[in-house]
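Asks: below is the sequence, then the predicted model.
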Amino acid sequence: MPLIEARNLPNHVGIIMDGNGRWAQLRGHARVEGHREGSRAVRRIVRASRRLGLRALTLYAFSEQNWARPEDEVDALMALLRDFLLSERSEILDNGIRLNAVGNIGKLPGIVRAVLDPLRDDSSASTEMTLTLALSYGGREEIAAAARELASEVKDGRLRPEDVTEDALRRRMPSLRVGDPDLIIRTGGERRISNFLLYGLAYAELHFSDTLWPDFDAVDLYEAIGSYQRRERRFGLVGKPAMPDDKLALPSAPPAAADKSHLRLVG
Ligand code: IPE
Ligand code: IPE
Ligand code: MG
């Protein structure tokens with residue numbers, strides 16, 4: 001089992017849960033079977049994240065662009081979402097999880113809103129972990145919505161144009177209320193972002209897993225977090241000075257041109 005340092009956990013983890021369709025196709029099943037198995041993986045990963053002590057988990061469940069998929073697939077995804085919210089309701093409330101949703105929530109069908117809205121309200125005072133579902137979500141759409149808000153505030157005289165700062169924009173993005181994502185995980189083997197948390201991921205660490213989402217389990221999550229913990233985040237600053245356990249240590253004075261003795265392997 002990979003080792004994880006309890007003190008260096010990412011605060012906010014975002015997951016692009018990809019690969020449900022391929023999981024089903026590999027087994028000769030309809031794509032919807034992959035989504036069904038995928039919702040079991042959601043359950044597993046929410047539990048593992050809570051147990052680990054993550055403060056914020058954002059799951060990319062349905063993108064704004066996913067509406068253009070075949071109608072029966074969209075309908076099946078909405079039904080699975082409702083079933084998930086119904087079956088997880090008590091576990092979410094009993095475990096101090098605040099459930100939130102970001103994206104164009106107004107586009108979701110009534111069968112989803114009927115369970116989503118009360119669960120959002122009823123869990124709003126929970127503080128152990130914020131579970132955010134990105135639903136009908138697009139990173140570009142979220143940036144555009146924040147820009148529209150700023151524009152109307154300027155128009156009404158509530159904000160000066162010079163107050164349109166990067167922070168002012170960030171404060172109008174619901175997905176970043178829990179802070180910028182520290183770690184973004186994408187399952188399913190593709191190395192792309194597909195319109196997820198675009199503004200917030202400026203300095204996120206990225207972890208790509210070949211595991212298809214329905215197969216993703218707690219150990220895969222620990223692996224991703226372990227990989228995050230082994231990295232040095234710099235945020236545009238200079239790196240830490242070389243430590244004694246670095247593979248290559250250079251002496252402080254520059255050596256003579258042909259002298260390679262300064263290349264010292266340590267450890
Ligand atoms: C991710 O799995 C779930 C959603 C996008 C809703 P996909 O359905 O994209 O699965 P693949 O990528 O086709 O395998
Ligand atoms: C990203 O996966 C969206 C979600 C996981 C909800 P997609 O399968 O929609 O992304 P692309 O089409 O591979 O870029
Ligand atoms: Mg996909």
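Replies: Arrived safely. Ligands and ions are numbered 1, 2, ... in the order given.
Asks: leaving out chain neighbours, which residue sits closest to the residue of the stretch 151-267 of the chain found nearest ligand 1?
Replies: As assessed by Cβ to the nearest ligand atom, ligand 1 sits closest to residue 188 within the stretch 151-267 of the chain, at 5.4 Å. Every C-beta, even on glycine, is put in place using the N, C-alpha and C of the backbone. Residue nearest to residue 188 in three dimensions, not counting chain neighbours: residue 19, with 2.8 Å by Cβ to Cβ, 6 or more residues apart in numbering.
Asks: give me the neighbour count for that neighbour.
Replies: 25 (other Cβ atoms under 10 Å).
Asks: in this structure it contacts residue 189, no?
Replies: Yes. Judged on Cβ atoms under 8 Å, residue 19 makes contact with residue 189 at a distance of 6.9 Å.
Asks: now the common contact residues for these two.
Replies: residue 212 (Cβ atoms under 8 Å, 6 or more residues apart in numbering).
Asks: need the pLDDT of the residue of the stretch 151-267 of the chain closest to ligand 1.
Replies: Per-residue confidence (pLDDT) for residue 188: 98.
Asks: cool, residue 176 as well?
Replies: 98.
Asks: would you mind listing what in the stretch 151-267 of the chain touches ligand 2?
Replies: Counting by Cβ under 6 Å from any ligand atom, the residues of the stretch 151-267 of the chain close to ligand 2 are 190, 192, 194.
Asks: closest one of the residues you listed to residue 225?
Replies: residue 190 (20.6 Å; Cβ to Cβ).
Asks: my read is the closest one is in a strand, agree?
Replies: No. Under DSSP: H, G, I helix; E, B strand; the rest coil, residue 190 sits outside any strand and is assigned coil.
Asks: and the residue of the stretch 151-267 of the chain nearest ligand 2?
Replies: residue 194 (3.6 Å).
Asks: what about the helices in this protein?
Replies: Secondary structure of the chain by DSSP state H: the helices cover 20-26, 31-52, 71-94, 110-122, 139-155, 166-170, 218-229.
Asks: what mean pLDDT does the shortest one have?
Replies: Mean pLDDT, computed over helix 166-170, is 97.
Asks: what sits closest to residue 137 if chain neighbours are left out?
Replies: residue 103 (3.2 Å).
Asks: count of neighbours near the residue of the stretch 151-267 of the chain closest to ligand 2?
Replies: Close neighbours of residue 194, defined as other Cβ under 10 Å, add up to 14.
Asks: show me what contacts it?
Replies: Contacts of residue 194 (Cβ under 8 Å, 6+ apart): 16, 18, 60, 63, 65.
Asks: show me which of those residues is closest to residue 98.
Replies: Using Cβ to Cβ, the contacts of residue 194 come closest to residue 98 at residue 60, 18.2 Å.
Asks: doesn't residue 16 make contact with the closest one?
Replies: Yes. Contact status for residue 60 versus residue 16: in contact at 4.8 Å, counting by Cβ under 8 Å.
Asks: for those two, list the residues in contact with both.
Replies: With contacts defined as Cβ under 8 Å, 6+ apart, the residues shared by residue 60 and residue 16 are 194, 196.
Asks: against ligand 2, how distant is the residue of the stretch 1-150 of the chain found nearest ligand 1?
Replies: Closest residue of the stretch 1-150 of the chain to ligand 1, Cβ to the nearest ligand atom: residue 21 (2.8 Å). The gap separating residue 21 from ligand 2 is 8 Å, by Cβ to the nearest ligand atom, to the nearest Å.
Asks: what does residue 40 give?
Replies: 16 Å.
Asks: that residue contacts residue 214, correct?
Replies: Yes. Contact criterion Cβ under 8 Å: residue 40 and residue 214 qualify, at 7.2 Å.
Asks: the more surrounded of these two?
Replies: Relative neighbour count places residue 214 above the other of residue 40 and residue 214, with 25 against 11, counting by other Cβ under 10 Å.
Asks: the closest residue to the more buried one other than its chain neighbours: what's it in contact with?
Replies: Leaving aside its sequence neighbours, residue 214 sits nearest to residue 37 (Cβ to Cβ, 6+ apart; 3.7 Å). By Cβ under 8 Å, 6+ apart, the residues touching residue 37 are 20, 23, 24, 214.
Asks: right, I'll leave it there.
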